[in-house]
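**Q** please find the sequence and the predicted model below.
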Protein chains: 2
Amino acid sequence: MANRYREHVQVDVHEQVADRLGGAGQRYTAARRALVDRLRDAGQPMTLPELLDGAALAQSSAYRNLALLEQVGAVHRIVTSADHARYELAEDLTEHHHHLICTSCGHVEDFTVSPALERRLHEAVEEVQGGTGFSAAHHRLDLIGTCRACG
Amino acid sequence: MANRYREHVQVDVHEQVADRLGGAGQRYTAARRALVDRLRDAGQPMTLPELLDGAALAQSSAYRNLALLEQVGAVHRIVTSADHARYELAEDLTEHHHHLICTSCGHVEDFTVSPALERRLHEAVEEVQGGTGFSAAHHRLDLIGTCRACG
DNA sequence: CTTCCTGCAAAAGTTTTGCATTAAC
DNA sequence: GTTAATGCAAAACTTTTGCAGGAAG
């Protein structure tokens, strides 16, 4: 089970997003709410075509809204080698996690690691920062391979 | 120092690449050798414009050669949020390492972590594989933030 | 009634592909 | 001689942008 460490701290996602948009002088429109709902319901990073499928929203609006949501820290954009980028809710609206990336079908799945390893990672990050002058906003641990369906 | 754990096991890169190309019925031309030389000399992942700068090679040939080199496992392509993808020699021609990715200028720098942490990472990978049916070819640990020059 | 949002269409920009020519084995 | 590699130009494709009309506060 990849999610055994998941804590399920539930925050009010919509309220959070509305706040962050409001702080930037932007509105939480129905289209934006729908995007957030889809992202939350999916529980997995989604491509733009997936987000758009069956939704009454222009492609350009979707891109614009997702870019805005990323700017205000509500959404995170993941680029892989696959055709489309993928979008997910920001970690502080869900929780810290990592990705299994299938090189065959492009599918991205979440997983979490033990708090102990996460702590070690964090220590390593600190260590590297000290030595290089690099200031890390966050880290990213991904597994690259093939998913069950493709394997 | 980010590279304190580096082992400097030197393999004959050109011989390795020639072998892998040969195995696929492809030739190790001067243009390909030049790309490999640049990648090795840089010691950092490079964009296509960087690789092409001052080189007598058509853009399309560069893309084609890099794609081929990636297919035969000699080169690794890294995609970030920046405009261009970056290319580096495959890890088995250099060594296992990780990346500091600057979100401001797009620069990518290498770093290594202690063998102990690397071992822990490997264990975590095994653990996740068992639980999910995902088959991981490799893992990726990146730090995302701002580099010394941009910070 | 001013500011932001949306849709459509066009543009931008990286990467890929077709095709004729040249080079490698 | 056959097969692969190159350069040029054009295409493909995701993502971005301009602009005019609509919606929201």
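**A** Looks like it arrived, so ask away. Everything numeric here is computed off the predicted structure, so don't read it as measured data.
**Q** and the residue nearest the centre of chain A, helix, strand or coil?
**A** Geometric centre of chain A, nearest residue: residue A:88, 3.1 Å, by Cα atoms, centre = their mean. Residue A:88 carries the three-state label strand when classified by DSSP: H, G, I helix; E, B strand; the rest coil.
**Q** can you pull up the bridge partners for it?
**A** According to DSSP bridges, residue A:76 are recorded as the beta-bridge partners of residue A:88.
**Q** so it sits against residue A:47, correct?
**A** No: Residue A:88 lies out of contact with residue A:47 (Cβ atoms under 8 Å); the separation is 11.0 Å. Bear in mind the C-beta positions are built from the backbone N, C-alpha and C, glycine included.
**Q** and the strands in chain A?
**A** Using DSSP state E, the strands assigned to chain A run over residues A:46-47, A:75-78, A:86-89, A:98-102, A:108-111, A:135-146.
**Q** can you tell me what sits against the first one?
**A** For strand A:46-47, contacts defined as Cβ atoms under 8 Å, 6 or more residues apart in numbering or on different chains pick out A:38-39, A:82-88, A:106.
**Q** the nearest residue to residue A:75 once chain neighbours are set aside: how many residues sit nearby?
**A** What sits nearest to residue A:75 in space, not counting adjacent residues and going by Cβ to Cβ, 6 or more residues apart in numbering or on different chains, is residue A:69, at 3.9 Å. By the criterion of other Cβ atoms under 10 Å in any protein chain shown, residue A:69 has 25 neighbours.
**Q** export the strands of chain A to TSV and tack on mean pLDDT?
**A** Converted to TSV, those look like this (pLDDT from 0 to 100):
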stretch	mean pLDDT
strand A:46-47	98
strand A:75-78	98
strand A:86-89	98
strand A:98-102	96
strand A:108-111	94
strand A:135-146	93
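**Q** pipe these into TSV and attach distance to residue B:100 per row.
**A** TSV is the format used below for these (distance: least, Cβ to Cβ, whole Å):
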stretch	distance to residue B:100
strand A:46-47	27
strand A:75-78	18
strand A:86-89	22
strand A:98-102	18
strand A:108-111	22
strand A:135-146	7
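**Q** for residue B:29, which of the ones you listed is the nearest?
**A** Shortest distance between residue B:29 and those, using Cβ to Cβ, is found for strand A:135-146: 29.2 Å.
**Q** each with direction, which strands does that closest one pair with?
**A** Partner strands and pairing direction for strand A:135-146 (DSSP bridges) are strand A:98-102 (parallel), strand B:135-146 (antiparallel).
**Q** the inter-axis angle of the helix or strand of chain A with the lowest mean pLDDT versus helix B:115-132?
**A** The helix or strand with the lowest mean pLDDT-type score in chain A, counting by mean pLDDT, DSSP states H and E, is helix A:115-132 (a mean of 87). Regarding helix A:115-132 and helix B:115-132, their directions subtend 140 degrees when assessed with axes from the mean of the first three to the mean of the last three Cα atoms, to 10 degrees.
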